[in-house]
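A.B. asks: This is the structure alone, sequence omitted:
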């Protein structure tokens, strides 16, 4: 990790070596480690520590990038020279945009925690050790992964832009299975501050789901009311229904006619109500639970931005080039986002359900038709039948074919959001969710 | 780099690319000329490797291996009439793995000096010792004799890095023009070129120097009907290959004519980018008015460029022994094909199904002389006449199935990643009787012919799957009856392979491949190929994927 002063000292030196029309320099640092277990035993563990410098030099509309990971004067000078050589040979970019000048970034977020930076191999072994011990005690088999990282980004360019921020993250996920392989459960969580991490707490949730999912019964596939827990809506290891929706809010694709947000006859559907009026999704880099970088990779400020409000598409993100060409607000793609919710827990949502299916997690989700944002995938690690407000019995897993656009029109209820993969995601109750076949997988 | 960033960078449609990340983007951006400069010589690498092994042993390791890796990549991206990005990268560093009292430890460094390497070896030992306190199953490593100083190189004709960038850009832009002329609204083309210069040494006494090359030209073509708002894409029918730039020189003898009535062409060891782009432009436009499929049971005739992905998901993955044993339970999943299931001797497929693993197959992206834990590679049977006979293994798994040696399936996607079990090339053997695709179709009364890989999804134990494709054609009374859209098939691994009716002969055999097979935590990618000839499966459930949104 480099401090703000140390990082900016290096960046100033880089810019002083530049002979290009424009020069942009970015330092990225990432330090962390991980430990992985399976069959209640550690399988692999590792550590990483990297700092790299990227220099972009521009002559007119020609641009070149070079990088290095040593920061003595001679290396920095060579890196700048190399970027300039590459730029001179590059073709002119028809999408050239001049570098940004000085920017004002939001202040006061808490994207970094000292406790995460202080993690040692012993901390990791203790956390995962507690997870494994719990499963040993319950005679269940677990596979888990703990990953932590602290990092910083520092930027400076020849137009006077200057930025620096530190971030941290710790993530734990665990799959617990019964020894005979007939029950499986999953839980995961992530925090900025490692002091909040309790691997055993997540392991207990996964263990309870594993134990209660044995002897699953087969019920007919078809349209069901479902309660989708946050892990069924978003994932940090797989494509997800809400993640895919948020990644589809690109203005250029919509304007070019190749998005579910493209309008018949041309243009896009910004301003149209496409979802249930209770659907509101916004990004906020200062939210205390999901604070993140307040600037994007190209230096644009990350602001609090409403993407969907009361079911209406309010904003689309784009590159700077497209924003200028299309004459739309210049908004970068957000990092984390919040789906506004209510106060009900998943348990509350179950209580108010006459007939339905509780889904712990959806998996192997892949696009089927980008025109309708149709995706397919399967339930996994705890799927249960609900009747008269109670979980009655575990059911076999299903394959679904569903679009998040249709899903968010069939909204019955929204629960209380929890942090997942750097976002705040509520459990959702959805009617007429489409299951198309059964799976024997556990 | 995350997959979504890559998708944004390349301008490709989200469906065009498979898995989580791309190698090289954390790597140093360099001048293209740097990709042709030699790295450290073998004597230097041996000296550095010995520093690692000695430091590890002194710190208490019972076994150690060291990988000195120089990974060179170049990617060229264009769309329509313009260059999007040209990226050349180099990544150089050292990964050290140690075994201390039956517990693994791993650490890596980009500072390639004897001091830094020794400190990294000590860190790997410290991590192994910390984990040993909570370790329960000690690692048992299959014995492996040292090979001394040996080397291996992908047999390429032309190193892609020697080809001037302008020549590559001109080719991609010409392909774009062909697609646009043929009716496409948009096209994004990409050319990936990879060179892994890997040096492996271990306390067993091996010093292995390898030079591995791979290439993948690909594109996504989109046609749009503005009035209706409908859009459809057709992706390239190329494959990632373990070849040099020669893959991009078309050759009639390396092409297979597709079924009569489809205009399709299958590519073996050479690819015609311009012809495929022109056909894709035409077909993307045709897709705007194709007939929507009637759901039901059909006999499927699957082209190798499609079937490869089904083999990958329903055979390649379930036979990875680490998945079978539960080591991937928290991420990729486990497998239905457990040791207990194998002992029951149940059929995996029909008698037509013969599937082999092969780490040396010429032209495949998985071909290497030695794996990333110093084991000489080879080939072996996985499924014989429909029965499962073996798995895919590495050194610390061999003992579990009573095998004395590893199969050579160990791979790491970078010097900074720990090596673990990855899928070898897994391929369906062609039929022994003479059979062309047209002859195969003659025997089908009600079926669908599918070419190219599309949407794909399978459960975590590899039972239930759903696949789409690029081009679909109705087969009626032994003939191609016209194109279809909105097609996906859903089946179950054993049911599907049990329905395998016939396989075309060797003359139709081709490789499918991927650069982005994802597995492990932290996630790593791996390149793998899957060969087959066109194959018929009877009575498979086909669904219609069309939906309406407001």
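C.D. replies: Nice, thanks for sending it over. Since we're looking at a predicted model, the values are computed, not measured.
A.B. asks: I'd say residue A:1 and residue A:166 touch.
C.D. replies: Yes: the pair formed by residue A:1 and residue A:166 meets the contact definition of Cβ atoms under 8 Å, at 7.2 Å. (Glycine included, C-beta is placed from N, CA and C.)
A.B. asks: Helices of the stretch 201-350 of chain A, start to end?
C.D. replies: A:230-233, A:241-246, A:251-255, A:320-326, A:346-351 (DSSP state H, counting those that start in this stretch).
A.B. asks: next structured bit after the lowest-mean-pLDDT helix or strand in chain B?
C.D. replies: When the helices and strands of chain B are scored by mean pLDDT, DSSP states H and E, helix B:3-10 comes last with a mean of 34. Next helix or strand after helix B:3-10 toward the C-terminus (DSSP states H and E): strand B:28-29.
A.B. asks: Does that following strand reach chain A?
C.D. replies: Yes: Strand B:28-29 reaches chain A (Cβ under 8 Å from any Cβ of the partner chain) through B:28-29.
A.B. asks: Same question for stretch B:45-59.
C.D. replies: No: counting by Cβ under 8 Å from any Cβ, no contacts exist between stretch B:45-59 and chain A, the nearest distance being 14.5 Å.
A.B. asks: how about that stretch: buried residues?
C.D. replies: Buried residues in stretch B:45-59, counted by 16 or more other Cβ atoms under 10 Å in any protein chain shown: B:45-46, B:48-49, B:51-57, B:59.
A.B. asks: can you list the domain ranges for chain A.
C.D. replies: A:4-209, A:215-442 (automatic domain parsing).
A.B. asks: so how far is the longest one off the chain centroid?
C.D. replies: Computed by Cα atoms, centre = their mean, to the nearest Å, the chain-centroid distance of domain A:215-442 equals 12 Å.
A.B. asks: And the shortest one, by the same measure?
C.D. replies: Counting by Cα atoms, centre = their mean, domain A:4-209 is centred 13 Å from the centre of its parent chain.
A.B. asks: What's the end-to-end length of that domain?
C.D. replies: End-to-end span of domain A:4-209 (Cα to Cα, to the nearest Å): 45 Å.
A.B. asks: For that domain, what does the pLDDT average out to?
C.D. replies: Averaging pLDDT along domain A:4-209 yields 95.
A.B. asks: all strands of the stretch 401-550 of chain B, in order?
C.D. replies: Along the stretch 401-550 of chain B, counting by DSSP state E, counting those that start in this stretch, strands occupy B:410-411, B:420-421, B:425-428, B:446-451, B:456-458, B:464-467, B:471-476, B:479-485, B:487-492, B:500-503, B:510-519, B:524-532, B:535-544.
A.B. asks: Enumerate every residue touching residue 98.
C.D. replies: As the question left the chain open, I've gone with chain A. Taking Cβ atoms under 8 Å, 6 or more residues apart in numbering or on different chains, we find residue A:98 in contact with A:22, A:159.
A.B. asks: meant chain B, my bad for not saying
C.D. replies: B:56, B:59, B:61, B:63-64, B:104-106, B:121, B:124-125, B:128.
A.B. asks: which phi and psi does it have?
C.D. replies: phi -130, psi 150 (degrees, to the nearest 10).
A.B. asks: could you measure the residue lying closest to it once chain neighbours are set aside against chain A, distance?
C.D. replies: Take residue B:98 and drop its neighbours on the chain: the residue closest to it by Cβ to Cβ, 6 or more residues apart in numbering or on different chains is residue B:61, 3.9 Å away. Per Cβ to the nearest Cβ, to the nearest Å, residue B:61 is found 15 Å from chain A.
A.B. asks: Can you tell me which residues in the stretch 351-500 of chain B are near chain A?
C.D. replies: Applying Cβ under 8 Å from any Cβ, we find that the stretch 351-500 of chain B lies next to chain A at B:416, B:418, B:420, B:455-464, B:466, B:468, B:486, B:488, B:490, B:492.
A.B. asks: cutoff 10 Å now
C.D. replies: B:396, B:416-420, B:454-468, B:485-486, B:488, B:490-494 (Cβ under 10 Å from any Cβ of the partner chain).
A.B. asks: cool, the stretch 201-350 of chain B as well?
C.D. replies: Residues of the stretch 201-350 of chain B lying near chain A (Cβ under 10 Å from any Cβ): B:222-233, B:313, B:322, B:325-336, B:338, B:340.
A.B. asks: can we see that at 8 Å?
C.D. replies: Counting by Cβ under 8 Å from any Cβ, the residues of the stretch 201-350 of chain B near chain A are B:222, B:224, B:226-233, B:325-331, B:333-334, B:336, B:338.
A.B. asks: Outline the domain layout of chain B.
C.D. replies: Split by automatic domain parsing, chain B gives B:3-288, B:291-544.
A.B. asks: would you list the contacts of residue B:98 in CSV and tack on distance to residue A:344, pLDDT and secondary structure?
C.D. replies: Shown next, in CSV, are the contacts of residue B:98 (distance: Cβ to Cβ, whole Å; pLDDT from 0 to 100; DSSP: H, G, I helix; E, B strand; the rest coil):
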residue, distance to residue A:344, pLDDT, secondary structure
B:56, 55, 98, helix
B:59, 54, 98, helix
B:61, 54, 98, coil
B:63, 54, 98, strand
B:64, 54, 98, strand
B:104, 45, 91, strand
B:105, 46, 91, strand
B:106, 44, 92, strand
B:121, 54, 96, helix
B:124, 48, 93, helix
B:125, 51, 95, helix
B:128, 47, 91, helix
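A.B. asks: And these, which is closest to chain A?
C.D. replies: Taking Cβ to the nearest Cβ as the measure, chain A sits nearest to residue B:106 out of the contacts of residue B:98, at 4.7 Å.
A.B. asks: Provide a list of residues in contact with the nearest residue to that closest one once chain neighbours are set aside.
C.D. replies: Counting by Cβ to Cβ, 6+ apart, residue B:106 lies nearest to residue B:418, which is 4.2 Å off, once chain neighbours are set aside. If you count contacts by Cβ under 8 Å, 6+ apart, residue B:418 has them with A:44, A:46, B:95, B:97, B:104, B:106, B:412.
A.B. asks: among these, who's most crowded?
C.D. replies: residue B:97 (28 neighbours; other Cβ atoms under 10 Å in any protein chain shown).
A.B. asks: How about the contacts made by the residue nearest to it when sequence neighbours are not counted?
C.D. replies: Once flanking residues are discounted, residue B:97 sits nearest to residue B:106: 4.9 Å by Cβ to Cβ, 6+ apart. Residue B:106 is in contact with A:44-46, B:95-98, B:124, B:127, B:418, counting by Cβ under 8 Å, 6+ apart.
A.B. asks: Mind doing that once more with 7 Å?
C.D. replies: Contacts for residue B:106 (Cβ atoms under 7 Å, 6 or more residues apart in numbering or on different chains) come out as A:44-46, B:95, B:97, B:124, B:127, B:418.
A.B. asks: follow-up on the earlier one: of residue A:1 and residue A:166, which one has the most company?
C.D. replies: Applying other Cβ under 10 Å to residue A:1 and residue A:166 shows that residue A:166 carries more neighbours, namely 20 against 15.
A.B. asks: Pull up the pairing partners for the helix or strand in which the more buried one is found, direction included.
C.D. replies: Taking DSSP H and E as the criterion, residue A:166 maps to strand A:162-177. As defined by DSSP bridges, the strand partners of strand A:162-177 come to strand A:141-157 (antiparallel), strand A:184-191 (antiparallel).
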